[in-house]
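*Asks:* Below are the sequence and a predicted model for it; my questions follow.
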Number of protein chains: 2
Amino acid sequence: MAVTLKDVAERAGVSRSAVSRTFTEGASVSAKTRAKVEAAAQELGYSPNALASSLTTGRTKLIGLVSNNFHNPLFLEVFDLFTRGLQERGLRPLLVNLSHETDPANSVRMLRQYSVDGVIVASSTLQPSFAEAFRDAGVPVVHSFGRYTTSPHVHVVGIDNIACGRMAAQALIARGHRRVAFMGGPEGATSTQDRARGFLDALATHPEIAVSVSYASAYSFDAGRAEMARLLQSDPAEAYFGGDDVLSIGALSAIADKGLQVPQDIGIIGLNDMAMARWENINLTTIRQPIPEIIAASIDLVVATIEQPDRHPETRLFPCRVIERGTLRPLPD
Amino acid sequence: MAVTLKDVAERAGVSRSAVSRTFTEGASVSAKTRAKVEAAAQELGYSPNALASSLTTGRTKLIGLVSNNFHNPLFLEVFDLFTRGLQERGLRPLLVNLSHETDPANSVRMLRQYSVDGVIVASSTLQPSFAEAFRDAGVPVVHSFGRYTTSPHVHVVGIDNIACGRMAAQALIARGHRRVAFMGGPEGATSTQDRARGFLDALATHPEIAVSVSYASAYSFDAGRAEMARLLQSDPAEAYFGGDDVLSIGALSAIADKGLQVPQDIGIIGLNDMAMARWENINLTTIRQPIPEIIAASIDLVVATIEQPDRHPETRLFPCRVIERGTLRPLPD
DNA sequence: AAGATATTTGCAACCGGTTGCAAAAACTTT
DNA sequence: AAAGTTTTTGCAACCGGTTGCAAATATCTT
């Protein structure tokens, strides 16, 4: 069925090497043979088998794209940018969904079987050890949306969650709130831990402001809604830092149910700036993560590591900024 | 670096074939050799190279998952279910993002280079010819969310958009609306054309009801919002069938801006039942597409076609149903 | 225990490509 | 036109596996 190198070689009346060379960047072929080969290839509808060639070249141009965030709408943007970014560089994303997978070893084995050139772990809720398992297997790996550490074992690209927590605190302080709170994602997620830490750090110098902290069970609408409903039962704070947009939108829904006005009765600031935050009927004040930059850097870094495997692990963090919308009262003049 | 068959064979003191056979389902190996080989493989950390074996077996277990819907939140659910469904069957999704791609031939060539066993085209806005290009190249293909035709050239799985249009019309008729309208997605999309057709068909037998039709420029929040804002400038209908949920949510935002109440002043019914439709602060009445069934059927069909390539193209359509929420007034008793 | 049968094993060729090397062909130089 | 250089070409081995076949081994009959 499939047309092979040999078929083209016979048709063009040249050796198999000649055909291989015409399809290899920078190989030595005369204009005449190239023309013959290209004509024959055209006629037969030949296109080289990438997998067969990977056997000798050692490169598949396959990149494992591993995530467990298939419920946070932000990740549709993430997948869009990753797939396009990889395609533009001639790389192919092999998608791995970890939603119901517990054993990282499984994914490592599978991706090794497919000889991926590199792996991008896109998740803020996976343990660092997960990405490290790939490194230990000798596969170049980047942990996107991962946690900053001073001596990382793998490349990490993301935001400084501690700084974001601080930024959120400052936004609430600047508005003169006296009772504020952090409503985090799942307590075990390092992203939530760091955001809480930055938030509390910034407020530590403001003893006049009352602070409290609670955690939703997941980064999801329902979890945010349930947690806010619980908080509203007894003496809520004036303003909340929601650990994530989708969580914050869930919280908004609980607030509306209770008949309270946002931002008059209660304020909220999210984190991510996902597409829905901009929707006018949600209009969430939030802290924007520069997703396109994070993804571009992740791709750069995985490509660089493929070319230079002993490259030292590095951390690239991008600055976030507050996006003013309608869920936090305006700054006093 | 990598451990190969040969390494394991030498270590275990057997032939390469013996090693290959221990890792091949149903091959003939004695318990004794199997044990020796497994021990050696364990010690060396060997796992077989899936791509090398694909060369002789002709199967890569790679499935091309092609889409251009990286902005409709519904598709995050779609990708979640596809990736998990494929993984459960030992298949690997190679993701292709067509968002900015115009030439199907490119994708066909690329997926052929990677010898994918089959392709799933997941899109309601791609031309049938796109999926057909794969079939013409001899690659088993299923068009998910595609259009029903009586004599399909490729497998199609989806919903009966005409029936859905009819269903939407009936929902509005049953509520006693006298002026209704269809606000479709891009006019060129076959899904929109069919939904419009069903909608108009059902209303044809109700000459007392005034009907109008208009189209948004895309299946997106902004397009829905802009189109509804335009409609509200002059004499809008009492109730709308929005061609899609995200479009309808955009429309809701324009309606709220105008200070109108839903469903009292204006009603809307969407289509898809994506996650956000359920969010209490959106609470969109809509028609549910049975996404999990569509995806399971798509996977079944692509697998069946891989095993039996000359299988006749078939169409599998799943029934939709109205999900009552808050954007359409209640049925009269 | 010999013969018949069934199972296991290794050899060698193959899958579809790439690549080092030496020979052949094409140019330069004088 | 001969000698020297450079470029192009094909051979053959290899990448990491699989598989048909015949030989070797094990198991079953009687």
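*Replies:* Structure's in. What do you need? Residues are numbered from 1 along each chain as shown, chains lettered A, B, ... in the order given.

*Asks:* do you know how far the residue lying closest to A:R59 once chain neighbours are set aside is from B:V246?
*Replies:* Nearest residue to A:R59 in three dimensions, chain neighbours excluded: A:D117, at 5.7 Å (C-beta to C-beta, 6 or more residues apart in numbering or on different chains). Bear in mind the C-beta positions are built from the backbone N, C-alpha and C, glycine included. Using C-beta to C-beta, to the nearest Å, one gets 35 Å for the distance from A:D117 to B:V246.

*Asks:* And for A:R11?
*Replies:* Going from A:R11 to B:V246 by C-beta to C-beta gives 51 Å.

*Asks:* Of these two, give the one with the bigger neighbour count.
*Replies:* B:V246 (30 against 18; other C-beta atoms under 10 Å in any protein chain shown).

*Asks:* now that one, what's its secondary structure?
*Replies:* The local conformation at B:V246, judged by DSSP: H, G, I helix; E, B strand; the rest coil, is helix.

*Asks:* part of a helix, is A:I173?
*Replies:* Yes. Assessed by three-state DSSP, A:I173 belongs to a helix.

*Asks:* for the residue of the stretch 151-300 of chain A found nearest DNA strand C, what are its contacts?
*Replies:* Residue of the stretch 151-300 of chain A nearest DNA strand C, by C-beta to the nearest atom of the strand: A:I299 (23.9 Å). A:I299 makes contact with A:F82, A:G85, A:L86, A:R89, A:L91, A:I120 under the criterion C-beta atoms under 8 Å, 6 or more residues apart in numbering or on different chains.

*Asks:* Quick check, pLDDT for it.
*Replies:* At A:I299, the model reports a pLDDT of 98.

*Asks:* for A:T150, same thing?
*Replies:* 78.

*Asks:* before we move on, what about A:T102?
*Replies:* Per-residue pLDDT puts A:T102 at 66.

*Asks:* which non-adjacent residue is nearest A:G242?
*Replies:* The shortest distance from A:G242 to any non-neighbouring residue, by C-beta to C-beta, 6+ apart, is to A:S248 (3.1 Å).

*Asks:* what do you get for A:G326?
*Replies:* Spatially, and ignoring its direct neighbours in sequence, A:G326 is nearest to A:N283 (4.0 Å; C-beta to C-beta, 6+ apart).

*Asks:* now do A:R147
*Replies:* In this structure, A:R147 finds its nearest non-sequential neighbour in A:T190, 4.4 Å apart by C-beta to C-beta, 6+ apart.

*Asks:* mind listing what the one you found touches?
*Replies:* So A:T190 contacts A:S124, A:P128, A:R147, A:N161 (C-beta under 8 Å, 6+ apart).

*Asks:* Just put these in a markdown table and tack on pLDDT.
*Replies:* Converted to a markdown table, the contacts of A:T190 look like this (pLDDT from 0 to 100):
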| residue | pLDDT |
| --- | --- |
| A:S124 | 87 |
| A:P128 | 86 |
| A:R147 | 88 |
| A:N161 | 95 |
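
*Asks:* Farthest pair within those?
*Replies:* A:P128 and A:N161 (13.7 Å; C-beta to C-beta).

*Asks:* what sits in contact with each of those two?
*Replies:* With C-beta under 8 Å, 6+ apart as the test, A:P128 and A:N161 both reach A:R147, A:T190.

*Asks:* How about residues contacting the helix or strand that contains A:A256?
*Replies:* Using DSSP states H and E, A:A256 maps to helix A:245-257. Outside of helix A:245-257, the residues within contact range by C-beta under 8 Å, 6+ apart are A:72-74, A:183, A:185, A:216, A:219-229, A:232, A:240, A:242, A:262, A:265-266, A:268-274, A:276-277, A:282, A:284, A:286, A:327, B:279-281.
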